[in-house]
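> The sequence isn't on hand, but the structure is:
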């Protein structure tokens with residue numbers, strides 16, 4: 001079990017490091033450099049199918065990746081790419097990526113039965129800026145259940 005946690009932590013650290021590099025470039029208005037690091041990161045973090053996974057629909061991605069840590073990581077990386085695309089003026093692509101990143105986070109949450117990937121937190125982070133009606137009925141239901149869990153208990 002300890003070895004499994006070490007592997008998960010290393011995976012999360014790799015994703016966080018890639019996102020930090022991207023955000024630093026974005027902060028310095030090097031959007032082309034940020035996009036280049038993003039494309040490299042997909043392959044570095046998710047192997048030869050990385051760039052395909054970044055563009056594939058959620059059903060396809062979840063058939064290829066079942067690990068909630070990887071799904072949550074891909075969701076986070078997509079969301080960062082969305083912010084870079086938005087800064088570059090491509091709001092249509094950014095909106096699509098935001099929706100897909102939230103869908104992937106919801107899928108990570110559904111698979112994260114032990115809470116290892118902290119997917120609930122990822123869903124909460126990625127909800128902003130995504131129109132709920134753009135999501136599938138199934139994903140909207142998961143978000144509603146999460147919202148119920150977040151409501152303070154009335155006394």
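Structure's in. What do you need? Model, not experiment: these values are computed from the prediction.
> Mind pulling up the pLDDT for residue 151?
Per-residue confidence at residue 151 stands at 66 (pLDDT).
> And residue 15, by the same measure?
pLDDT, residue 15: 88.
> tell me which strands and helices whichever helix or strand residue 6 is part of is in contact with?
Following DSSP states H and E, one finds residue 6 within helix 2-27. Judged by 3 or more CB pairs under 8 Å, 6 or more residues apart in numbering; DSSP states H and E, helix 2-27 is in contact with helix 31-46, helix 68-87. All C-beta spots, glycine's among them, are computed from the backbone N, C-alpha and C.
> With mean pLDDT and distance to residue 13 added, can I get those in a markdown table?
Putting the helices and strands packed on helix 2-27 into a markdown table (pLDDT from 0 to 100; distance: least, CB to CB, whole Å) gives the following:
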| stretch | mean pLDDT | distance to residue 13 |
| --- | --- | --- |
| helix 31-46 | 94 | 11 |
| helix 68-87 | 95 | 10 |
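> mind checking which of the ones you listed is nearest residue 18?
Nearest to residue 18 among these is helix 31-46; the distance by CB to CB comes to 4.1 Å.
> Give me the residue ranges of the chain where confidence is low.
The model of the chain has pLDDT under 70 over residues 1-5, 117, 151-155.
> try 80
1-9, 114-117, 149-155 (pLDDT under 80).
> Check it and tell me which residue is nearest its centre.
residue 75 (1.2 Å; CA atoms, centre = their mean).
> my guess is residue 19 meets residue 77, correct?
Yes. If you go by CB atoms under 8 Å, residue 19 and residue 77 touch, sitting 6.6 Å apart.
> buried sites along stretch 81-99?
81-86, 94-95, 97-99 (16 or more other CB atoms under 10 Å).
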